[in-house]
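Chemist: Sequence plus predicted model, see below.
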Amino acid sequence: MKVLWISAHPERRSLNAHLRTEGLRALGAYGHEHRESDLYAMGWDPVLGAGDVRPDGAGAGERLFVGEEQQRAYERGALSADIRTEQEKVGWADALVFQFPLWWFGPPAILKGWFDRVLVQGFAFGVRDGHGRTRRYGDGGLAGKRALAVTSVGARASGFGPRGVHGQLDEVLFPLLHGTFWYTGMAPLPPYAVYGADRLTAPEARARVAELRARLRELPTAAPIPYRREAGGDYDGDLVLRPSAAPGRTGVAAHVRADAGRLPGRGAGGLTPRCG
């Protein structure tokens, strides 16, 4: 496989940096090609602005219609050079690994800005099929690719369990797993998390490296989270689940099919399909 590893941690002596180094080494050992976007090392600008779509300064002072202008600039090859470089990497990859510390229950701003600026309309979303229908949630510009989130958490694993105070991890990460990966067509794999990351002993750190290597070994074959496809018949014309899908269920869990069986990572912070 061709794997793009996107990392978002500012400290090169951190556990995250060690996991990235060992993860990339594992990919090589498993015979995968890989490329990397180390956002802090790159000095990645996370702020979307007119310069992304008007690099020559044209239209200065005019109102910026972000989605429309991103799509026009993408189709003309006029996006800023840093965005085009990242899009080329994304297009090259069969799988994308996003590695980040969980800050305020989501990725750091620098990674959120990568999503904002790189996954533009016309490239990752806002694309249509031959019948003019918008392709999303299980389809889209990035369909056919796999996506794995690798995150570190300061809290204990129990706090991210099904009844933990922080919420279950796959539900905490629902905006990323479902709203970004699945929305653009990427198959989201169950996330891998390192808990108590700032308190690990050396043996515990080695154990987490071994776990990550095992997850990366399964990267080509692991079962994705079984989210429902928008075009799969479960949603009505208003994009609401039909009464026959997950009857009596609401919220995040209703959008996961219950017929997929047991998933890897089930347990504290893992995935628990609970809907019909």
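Modeler: That came through, no problem. Numbering: from 1, shown residues only.

Chemist: Show me how far stretch 226-237 is from its chain's centre.
Modeler: How far stretch 226-237 lies from its chain's middle: 20 Å, per Cα atoms, centre = their mean, to the nearest Å.

Chemist: For it, what does the pLDDT average out to?
Modeler: The predicted model gives stretch 226-237 an average pLDDT of 93.

Chemist: Identify each buried residue in it, please.
Modeler: For stretch 226-237, a neighbour-count test (16 or more other Cβ atoms under 10 Å) marks 226-230, 234-235 as buried. For the C-beta atoms, the positions are set from N, CA and C on the backbone; glycine is no exception.

Chemist: Check stretch 169-186 too.
Modeler: For stretch 169-186, the neighbour count (16+ other Cβ under 10 Å) marks 169-174, 176-178, 180-186 as buried.

Chemist: same check, this time on stretch 245-258
Modeler: Using 16+ other Cβ under 10 Å as the test for burial, stretch 245-258 gives 245-246, 249, 252-257.

Chemist: Would you mind checking which of the buried residues of stretch 226-237 is nearest to residue 108?
Modeler: residue 227 (24.5 Å; Cβ to Cβ).

Chemist: could you measure the closest one against residue 181, distance?
Modeler: Per Cβ to Cβ, to the nearest Å, residue 227 is found 9 Å from residue 181.

Chemist: likewise residue 242?
Modeler: Relative to residue 181, and taking Cβ to Cβ, residue 242 is found at 24 Å.

Chemist: In contact with residue 40, which residues?
Modeler: Residue 40 sits next to 7-10, 110 when contact means Cβ atoms under 8 Å, 6 or more residues apart in numbering.

Chemist: ok so it is a strand residue?
Modeler: No - read with DSSP: H, G, I helix; E, B strand; the rest coil, residue 40 is helix and lies in no strand.

Chemist: how about the residue of the chain most remote from its centre, secondary structure?
Modeler: No residue in the chain sits farther from the centre than residue 61, which is 34.1 Å out by Cα atoms, centre = their mean. Using three-state DSSP, the structure places residue 61 in coil.

Chemist: next one: residue 11
Modeler: coil.

Chemist: List the contacts of it.
Modeler: residue 17.

Chemist: Likewise for the one 4 residues further on?
Modeler: If you count contacts by Cβ under 8 Å, 6+ apart, residue 15 has them with 152, 194, 197-198, 200, 205, 208.

Chemist: Include pLDDT, neighbour count and distance to residue 69 when you put the residues you listed into JSON lines, please.
Modeler: Converted to JSON lines, the contacts of residue 15 look like this (pLDDT from 0 to 100; neighbours: other Cβ atoms under 10 Å; distance: Cβ to Cβ, whole Å):
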{"residue": "152", "pLDDT": "94", "neighbour count": "23", "distance to residue 69": "36"}
{"residue": "194", "pLDDT": "93", "neighbour count": "24", "distance to residue 69": "39"}
{"residue": "197", "pLDDT": "87", "neighbour count": "21", "distance to residue 69": "39"}
{"residue": "198", "pLDDT": "87", "neighbour count": "10", "distance to residue 69": "42"}
{"residue": "200", "pLDDT": "86", "neighbour count": "16", "distance to residue 69": "45"}
{"residue": "205", "pLDDT": "89", "neighbour count": "16", "distance to residue 69": "45"}
{"residue": "208", "pLDDT": "93", "neighbour count": "22", "distance to residue 69": "43"}
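
Chemist: So of those, which two are at opposite extremes in space?
Modeler: 198 and 208 (12.6 Å).

Chemist: hmm, back to that, would you mind giving the buried residues of stretch 245-258 as TSV with secondary structure added?
Modeler: Shown next, in TSV, are the buried residues of stretch 245-258 (three-state DSSP):
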residue	secondary structure
245	coil
246	coil
249	coil
252	helix
253	helix
254	helix
255	helix
256	strand
257	coil
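
Chemist: quick revisit: could you redo the contacts of residue 15 as JSON lines and give each row secondary structure?
Modeler: What follows is the contacts of residue 15, written out as JSON lines (three-state DSSP):
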{"residue": "152", "secondary structure": "strand"}
{"residue": "194", "secondary structure": "strand"}
{"residue": "197", "secondary structure": "helix"}
{"residue": "198", "secondary structure": "helix"}
{"residue": "200", "secondary structure": "coil"}
{"residue": "205", "secondary structure": "helix"}
{"residue": "208", "secondary structure": "helix"}
